[in-house]
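> sequence first, predicted coordinates after that:
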Amino acid sequence: MPALTERLADASKQKLRTVQDYFGLAGKALRFAFVRPFYHQDLVQQMDEIGVKSLGIVLLTGFFTGMVLALQSSVQLQTFGATMYIGRLVSASMIRELGPVLAGLMVAGRVGSGIAAQLGSMRVTEQIDALNTLGTDPIKKLVTPRVLGALIMMPVLTVINDFVGILGGNLISTLLVGVPTGLYWRTVWEQIASDGFTLRFIPNDFVQGLVKPFVFGGIIAITACYFGLNTTGGTEGVGQSTTRTVVLSSILILVLDYFLTQILLSVLAV
Amino acid sequence: MSDDTRDAAGSRPLPPTGGVEPAGPPSAEQSASEERRQDGRRASERRPTTIRRAIRDELAEEESTDEFYAETHPQEHRVTPVIELDHVYLGFDRPILEDVSIEARKGETICLVGESGTGKSTTLKLILRLLVPDRGNVCIHGEDITNLTFEEALDARQHMGMVFQSAALFDSMSVFENVAYPLREHTALDDDEIEHRVREKLAFVDLDPDQVMGQLPSQLSGGMRKRVGIARGMANNPEIMLYDEPTSGLDPLSTGTITRLIMKLQRELDVTSVVVSHDIRSVFRMATRVAVLNERRIAFFGTPEEMAASDDKYLRDFLGGS
Ligand SMILES: Nc1ncnc2c1ncn2[C@@H]1O[C@H](COP(=O)(O)OP(=O)(O)OP(=O)(O)O)[C@@H](O)[C@H]1O
Ligand SMILES: [Mg+2]
């Protein structure tokens, strides 16, 4: 069946081109961060849009995640009579995994979809063409501020997410489990210190917990811009781009989280 | 060109209210348009029965744009055209344009007409190098733009203004910021000068600057958006203006205003324009030459008079059916 193999070859070529374009866009967006003119105002606006306006959902999800973590682990720890270690469990899970991943998924849903929808409708209403016509590179004007904004704000959001998560754990362990606040925070710190330090004073947990959101932020912004700018087919296309953005960036976040963890663990262990 | 001619042409009210000849046209013009004028008189005695006749009457009543152009640019045909499409082929999933060749000389207004979906907007995007032809060349001032890099193309576009079919205003910016955009991007004007220029351009398209400047595009009517689009397109005083259906969806009065405006830019500032339009009346009023796109090819390219006089069946259907 030559037709089938041909189709497969075509399809894989297409996929390859997509991947190439994706990385091309990422490279250009980052390169333009160092080339005049700079669109400061757009960057500030995007940092507000991505960071400040996502604060609410991040606070809410972080707090409840910390609470449920404390609740679940208290049940397990009680069987060993080790409830005083509850702070260690909550902080390790929040800082290394749940903080970055949850913040990433929330931002992908809120910000990624918004960016894709905005750029997509700008594409289908010829506003991207208009930018080009007026002599502005749309990548520089639209993509670079969004990528930079996400790269800067995702780690910030994650740190906040971690903190309120641990705070939520504190609330549950004090009220329901009976671990005093002082002990709780002492075990939190013990956990952070026990994992060792990079450059003597940066806890390894923090390195993990900050590299991840940095990468996730880039992935969310570039995926959203890529699908947004390549929207075709009117308003229906905008909807498709939005969905694709959320699906692909969520998958990439979860898959890359695994590989990043593996890499970081082996690097930090040395 | 003499100041007389210019004034007479520029300030004459349009549409004409009657068949009154302007006082003292230059004698050169007299003999040239003698024939048409007689034709017009004959036609007005009998009742015009077809659109074509009505158009011919209208042409006889005012000095046509192409004649004005011939007078003011006697040597222009010897110079390299400002815009030139040279045997251009373009296809997406199917062929759209085949062997399309048109040119616009300095100060000309070329009108591009044709049925919906024949590739008129696509042609404008070729001139802007938003699209690159599969075969053939697109030249601006004799320079081939098909091989420019992305950055070079951005520079080249600074000499062109485009009015998009959908206006394509930036909907996150106010009207003021929209019109000021090309000025902020490409000029060193300070804020006062920018505001002055924006007001001037908005007034030029018959909008009240104080009323609309602070509004968002979504708060405007379709016709107002279109006029803001025109103001933005010409904010930079480009030497080439491209209009994609500037009058579609407008009432007859606004249509007249915009037609007059395009003519004013041509006659006063010598702007080279390509106008896509479905409105045959205004096409005949503002065109120096008309290009008709039919079935992927240029079916006709010539002056409005030649078009009105043509016996080609498609052209007759096109004019008669409008
Ligand atoms: N990006 C694109 N991808 C695929 N096909 C396209 C694209 N842009 C335009 N076309 C096709 O090219 C043809 C010409 O489109 P174009 O917009 O130039 O038409 P038009 O002459 O401006 O029509 P109208 O008068 O309705 O505006 C259409 O059939 C359209 O389907
Ligand atoms: Mg069109």
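Sure thing, it's come through. Ligands and ions are numbered 1, 2, ... in the order given.

> sheet partners, orientation included, of the helix or strand of chain A with the lowest mean pLDDT?
Using mean pLDDT, DSSP states H and E, strand A:197-198 stands out as the lowest-scoring helix or strand of chain A, at a mean of 78. Strands that pair with strand A:197-198, judged by DSSP bridges, come out as strand A:202-203 (antiparallel).

> which residues sit against the strand it pairs with?
A:192-193, A:195-197 (C-beta atoms under 8 Å, 6 or more residues apart in numbering or on different chains). In this view, the C-beta of every residue, glycine as well, is placed from N, C-alpha and C.

> could you dump these to CSV with distance to residue B:87?
Below are the contacts of strand A:202-203 laid out as CSV (distance: C-beta to C-beta, whole Å):
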residue, distance to residue B:87
A:192, 71
A:193, 75
A:195, 69
A:196, 70
A:197, 70
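
> filter those residues to the buried ones?
For these, a burial check counting by 16 or more other C-beta atoms under 10 Å in any protein chain shown picks out A:192, A:195.

> make TSV from the contacts of strand A:202-203 and add distance to ligand 2 to it.
Below are these laid out as TSV (distance: C-beta to the ion, whole Å):
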residue	distance to ligand 2
A:192	62
A:193	67
A:195	62
A:196	64
A:197	63
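
> tell me the secondary structure for residue B:188?
Assigned with DSSP: H, G, I helix; E, B strand; the rest coil, residue B:188 falls in the coil class.

> in the helix or strand hosting residue A:8, what's buried?
Element membership of residue A:8, judged by DSSP states H and E, is helix A:2-31. By 16+ other C-beta under 10 Å, the buried positions in helix A:2-31 come out as A:22, A:25-26, A:28-30.

> residues near residue A:182, how many?
9 (other C-beta atoms under 10 Å in any protein chain shown).

> ok, now residue B:206?
By the measure other C-beta under 10 Å, the count of residues near residue B:206 is 15.

> pretty sure it contacts residue B:257?
Yes - assessed by C-beta atoms under 8 Å, residue B:206 is found in contact with residue B:257 at 5.4 Å.

> spit out the residues that contact those two alike.
In contact with both residue B:206 and residue B:257: no residue, using C-beta under 8 Å, 6+ apart.

> so is the helix holding residue A:8 next to chain B?
No - Helix A:2-31 is not in contact with chain B by C-beta under 8 Å from any C-beta of the partner chain; minimum separation 9.8 Å.

> and the average pLDDT for the helix or strand that that helix is followed by is what?
For helix A:2-31, the following helix or strand on the C-terminal side (DSSP H and E) is helix A:40-50. Mean per-residue pLDDT for helix A:40-50: 91.

> which strands and helices sit next to helix A:40-50?
helix A:144-172 (3 or more C-beta pairs under 8 Å, 6 or more residues apart in numbering or on different chains; DSSP states H and E).

> mind checking which helix or strand the spatially most central residue of chain A is in?
Nearest to the geometric centre of chain A sits residue A:104, at 2.9 Å (C-alpha atoms, centre = their mean). Counting by DSSP H and E, the element that carries residue A:104 is helix A:99-107.

> and that helix with helix A:144-172, angle?
For helix A:99-107 against helix A:144-172, the angle by axes from the mean of the first three to the mean of the last three C-alpha atoms, to 10 degrees is 120 degrees.

> put the alpha carbons of helix A:99-107 into CSV.
What follows is helix A:99-107, C-alpha atoms only, in CSV (Å, rounded to 0.1, in the frame of the first residue of the first chain):
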residue,chain,number,x,y,z
GLY,A,99,3.7,23.5,43.8
PRO,A,100,5.3,23.8,40.3
VAL,A,101,3.0,21.3,38.6
LEU,A,102,-0.3,22.7,40.0
ALA,A,103,0.7,26.3,39.4
GLY,A,104,1.7,25.2,35.9
LEU,A,105,-1.5,23.5,35.2
MET,A,106,-3.6,26.4,36.6
VAL,A,107,-1.6,29.0,34.6
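
> distance from the chain centre to it, please.
5 Å (C-alpha atoms, centre = their mean, to the nearest Å).

> following the chain onward from that helix, which element is next?
Next helix or strand after helix A:99-107 toward the C-terminus (DSSP H and E): helix A:113-124.

> which elements pack onto the helix or strand just after that next one?
Following helix A:113-124 in sequence order, the next helix or strand is helix A:127-133 (DSSP H and E). Judged by 3+ C-beta pairs under 8 Å, 6+ apart, the packing partners of helix A:127-133 are helix A:113-124, helix A:138, strand B:160-163.

> tell me what whichever helix or strand comes after helix A:127-133 is packed against?
Next along the chain after helix A:127-133, taking DSSP H and E as the criterion, comes helix A:138. Applying 3+ C-beta pairs under 8 Å, 6+ apart, we find helix A:138 packed against helix A:127-133.

> ok, now with 10 Å
Under the contact criterion of 3 or more C-beta pairs under 10 Å, 6 or more residues apart in numbering or on different chains; DSSP states H and E, helix A:138 touches helix A:113-124, helix A:127-133.

> which non-adjacent residue is nearest the residue nearest to the centre of chain A?
residue A:216 (3.8 Å; C-beta to C-beta, 6 or more residues apart in numbering or on different chains).

> list the contacts of that neighbour.
Counting by C-beta atoms under 10 Å, 6 or more residues apart in numbering or on different chains, residue A:216 touches A:100-101, A:103-105, A:107-108, A:150-151, A:154-155, A:158, A:249, A:252-253, A:256-257, A:260.

> and the gap between it and residue B:136?
46 Å (C-beta to C-beta, to the nearest Å).

> where does chain B have its least confident helix or strand?
helix B:3-11 (a mean of 40).

> what's the span of stretch B:129-137 from first residue to last?
11 Å (C-alpha to C-alpha, to the nearest Å).

> gap between residue A:172 and residue A:165?
11 Å.

> list the contacts of residue B:202.
Per C-beta under 10 Å, 6+ apart, neighbours of residue B:202: B:175-176, B:179, B:208-213, B:227-228, B:230-232, B:235.

> rerun at 8 Å
B:175, B:179, B:208-209, B:212-213, B:228, B:231 are the contacts of residue B:202 under C-beta under 8 Å, 6+ apart.

> select from the residues you listed the one having the most neighbours.
That'd be residue B:179 among these, by other C-beta under 10 Å, with 32 neighbours.

> in chain B, which residue sits closest to ligand 2?
Chain B approaches ligand 2 most closely through residue B:121 (3.1 Å), counting by C-beta to the ion.

> of the contacts of residue B:202, which is the nearest to residue B:162?
residue B:231 (12.7 Å; C-beta to C-beta).

> grab the nearest non-local neighbour of that closest one.
residue B:201 (4.1 Å).

> and that neighbour, what does it touch?
Taking C-beta under 8 Å, 6+ apart as the criterion, residue B:201 is in contact with B:179, B:231-232, B:234-235.

> between those residues, which is nearest residue B:155?
The nearest one, if we look at those relative to residue B:155 and count by C-beta to C-beta, is residue B:235, at 17.3 Å.

> quick one: residue A:55 is in a strand?
No - secondary structure of residue A:55 (three-state DSSP): helix, not part of a strand.

> what does the average pLDDT come to for the strand or helix carrying residue A:240?
Secondary structure assignment for residue A:240, by DSSP H and E: helix A:234-269. Average pLDDT, helix A:234-269: 92.

> tell me the buried residues in that helix?
In helix A:234-269, counting by 16+ other C-beta under 10 Å, buried: A:237-238, A:240-242, A:244-246, A:248-250, A:252-253, A:256-257, A:260, A:264, A:268.

> now do the same contact list for residue 228.
Reading this off chain A. Neighbouring residues of residue A:228 by C-beta under 8 Å, 6+ apart: A:115-120, A:122-123, A:241, A:245.

> try again with chain B
Taking C-beta under 8 Å, 6+ apart as the test, what residue B:228 contacts is B:167, B:169, B:175, B:178-179, B:202, B:205, B:207, B:212, B:217, B:220.
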